[in-house]
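Student: whatever this is, show me its structure:
(one chain, ligands or ions: 2)
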Amino acid sequence: MKLDFTKHPHRRLNLLTGEWVQVSPHRTKRPWQGQEEETGQDKKPEYDPDCYLCPGNDRAGDGRNPEYTSTFSFVNDFSALLPDTSNEKVNDSDLLIAKGERGICKVICFSPRHDLTLAEMELPQIENVVDLWVSEYKELGQKDFINYVQIFENRGEVMGSSNPHPHGQIWAQETIPEEPAKELNRFKDHYEKHGSTVLSDYLKLELERKERLVAENDHFVVVVPFWAFWPFETLVISKRPFARFTDMTDEERKGLADILKKITVKYDNVFKVSFPYSAGFHPAPTDGKDHPEWHFHMHFYPPLLRSANIKKFRVGYEMLANSQRDVTAEYSAEWLRELPDVHYKKRR
Ligand code: H2U
Ligand code: ZN
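Tutor: Ligands and ions are numbered 1, 2, ... in the order given. Sure thing, here's the model as predicted:
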């Protein structure tokens, strides 16, 4: 029997990690309908005197925020990683193996406005956020004990975000952490075999096939990757195969801001709610090596499933055996692609 992606249970290979995802398209016989519920979202104030990220406010830690008018970054008051700590390696009987880990954690406020999100910010403001990411990546990455700079955003209460004020985080550390480390291996393998980055080859295919395309501009493309696990997972890929934040031209920085606006607006339009997600960049490690195999990209991992308040739980089979999804990547891509590029709050 010929394998039909729309009917037969199958496994797809994640090119970036080497892991497989189980796809069970037959479980959603009928078109999968997202209810468009206008969940009672309370309107937030532009400034919240109790918010620890608003300009001029006291933080939960010792500091007080300046009256910032654009973006603002500070060292996380409750940093999970610390710069001045042991980096000793422990090997007790070849069984208890550990290593001290040094690092720096920062918090980045995207805007002084408490009530905005990336999706609702104007392009020039998002460009400021991109510029800040670039300078943080550069500054942190230059430190000799920092070999990876992980920039990310947890958006929404369901993702465990502690505050609605638009913000993201950076964890920069000594070791290349697990997810980018898996990618590094796969990227190297492909580059050695083909002399090109795996993402440039993959991107070429996706631009030809178009069935998993979600959005595009001159410098970036958004797809639901063939191997997506989360129902609305997307991958943002740079068209030019550069490796680092600091490799971006001015035009590419603007392109990144534009594509971020496009995808976050589409996300909010899915269920007409501020769409929760964890998202983050995978630039090359800052370990002083060249990394011609690396291709700059970004992952969006939204937890929502069928409606604004039904979340996918990674439990049972998925915890014990394998990642699994029901609707195909192609189905989700079509859904996202067809959504308007104008935020639902700005329509009508
Ligand atoms: P979320 O991205 O999960 O919302 O986390 C926000 C971070 O802000 C969290 O890591 C930090 C927390 O430690 N924080 C401060 O650094 N100072 C504060 O005053 C409150 C929160
Ligand atoms: Zn605030």
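Student: got a list of what residue 300 touches?
Tutor: Residue 300 is in contact with 232-236, 263, 267, 277-279, counting by CB atoms under 8 Å, 6 or more residues apart in numbering. C-beta here means a position set from N, CA and C on the backbone, and glycine is covered the same way.
Student: tell me the secondary structure of it, please.
Tutor: The three-state assignment at residue 300 reads strand, by DSSP: H, G, I helix; E, B strand; the rest coil.
Student: tell me the contacts of the residue of the stretch 201-348 of the chain found nearest ligand 2?
Tutor: With distances taken as CB to the ion, the stretch 201-348 of the chain approaches ligand 2 most closely at residue 274, which sits 14.7 Å away. Neighbouring residues of residue 274 by CB under 8 Å, 6+ apart: 41, 117, 119, 155-156, 268.
Student: which residues in the stretch 201-348 of the chain form strands?
Tutor: 213-216, 220-223, 234-238, 277-282, 297-301, 304-307, 310-311, 324-325 (DSSP state E, counting those that start in this stretch).
Student: please report how far residue 319 lies from residue 83.
Tutor: Per CB to CB, to the nearest Å, residue 319 is found 34 Å from residue 83.
Student: could you pull out the strands in the stretch 51-200 of the chain for me?
Tutor: 72-75, 89-92, 96-99, 103-109, 148-155, 167-173.
Student: I'd like to know which elements the fourth one is packed against.
Tutor: This points to strand 103-109. strand 72-75, helix 123-141, strand 167-173 (3 or more CB pairs under 8 Å, 6 or more residues apart in numbering; DSSP states H and E).
Student: about what we covered before: so residue 319 and residue 83 - more neighbours on which side?
Tutor: The neighbour comparison of residue 319 against residue 83 (other CB atoms under 10 Å) goes to residue 83, with 16 against 10.
Student: got a list of what that one touches?
Tutor: 102-104, 145.
Student: which of the residues you listed sit farthest apart?
Tutor: 104 and 145 (9.2 Å; CB to CB).
Student: so between the two, which is more surrounded?
Tutor: residue 104 (21 against 13).
Student: excluding chain neighbours, what is closest to the most centrally placed residue in the chain?
Tutor: For the chain, residue 279 is the residue whose C-alpha lies nearest the centre (CA atoms, centre = their mean; 2.0 Å). If the residues on either side of it in the chain are set aside, residue 279 comes closest to residue 300, at 4.4 Å by CB to CB, 6 or more residues apart in numbering.
Student: cool, and residue 182?
Tutor: residue 17 (4.4 Å).
Student: now that neighbour: phi and psi?
Tutor: Backbone torsions of residue 17, given as degrees, to the nearest 10, read phi -120, psi -20.
Student: cool, and residue 239?
Tutor: phi -70, psi -40.
Student: any idea how many residues pack against the spatially closest residue to it that is not a sequence neighbour?
Tutor: Nearest residue to residue 239, sequence neighbours excluded (CB to CB, 6+ apart): residue 219, at 5.5 Å. Neighbour count for residue 219, taken as other CB under 10 Å: 19.
Student: just checking, residue 141 touches residue 149?
Tutor: Yes. Assessed by CB atoms under 8 Å, residue 141 is found in contact with residue 149 at 5.2 Å.
Student: which residues are in contact with each of those two?
Tutor: Taking CB under 8 Å, 6+ apart as the criterion, residue 141 and residue 149 both touch 172, 286.
Student: which of these two has more neighbours?
Tutor: The neighbour comparison of residue 141 against residue 149 (other CB under 10 Å) goes to residue 149, with 28 against 21.
Student: hmm, back to that, identify whichever of the helices and strands packed on strand 103-109 lies nearest to residue 46.
Tutor: Short answer: helix 123-141, nearest of these by CB to CB, at 13.7 Å.
Student: got the angle between that closest one and strand 277-282?
Tutor: If you take axes from the mean of the first three to the mean of the last three CA atoms, to 10 degrees, helix 123-141 sits at 50 degrees to strand 277-282.
Student: returning to what we had before: can you redo the helices and strands packed on strand 103-109 as JSON lines with mean pLDDT?
Tutor: Output for the helices and strands packed on strand 103-109, formatted as JSON lines (pLDDT from 0 to 100):
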{"stretch": "strand 72-75", "mean pLDDT": "98"}
{"stretch": "helix 123-141", "mean pLDDT": "98"}
{"stretch": "strand 167-173", "mean pLDDT": "98"}
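Student: how about these in CSV, adding distance to residue 208?
Tutor: CSV is the format used below for those (distance: least, CB to CB, whole Å):
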stretch, distance to residue 208
strand 72-75, 40
helix 123-141, 29
strand 167-173, 33
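Student: point out the most buried one among the ones you listed.
Tutor: Among those, ranked by average contacts under mean count of other CB atoms under 10 Å, first place goes to strand 167-173 (a mean of 22).
Student: that one near ligand 1 at all?
Tutor: Yes. Using CB under 6 Å from any ligand atom, we find that strand 167-173 touches ligand 1 at residue 169.
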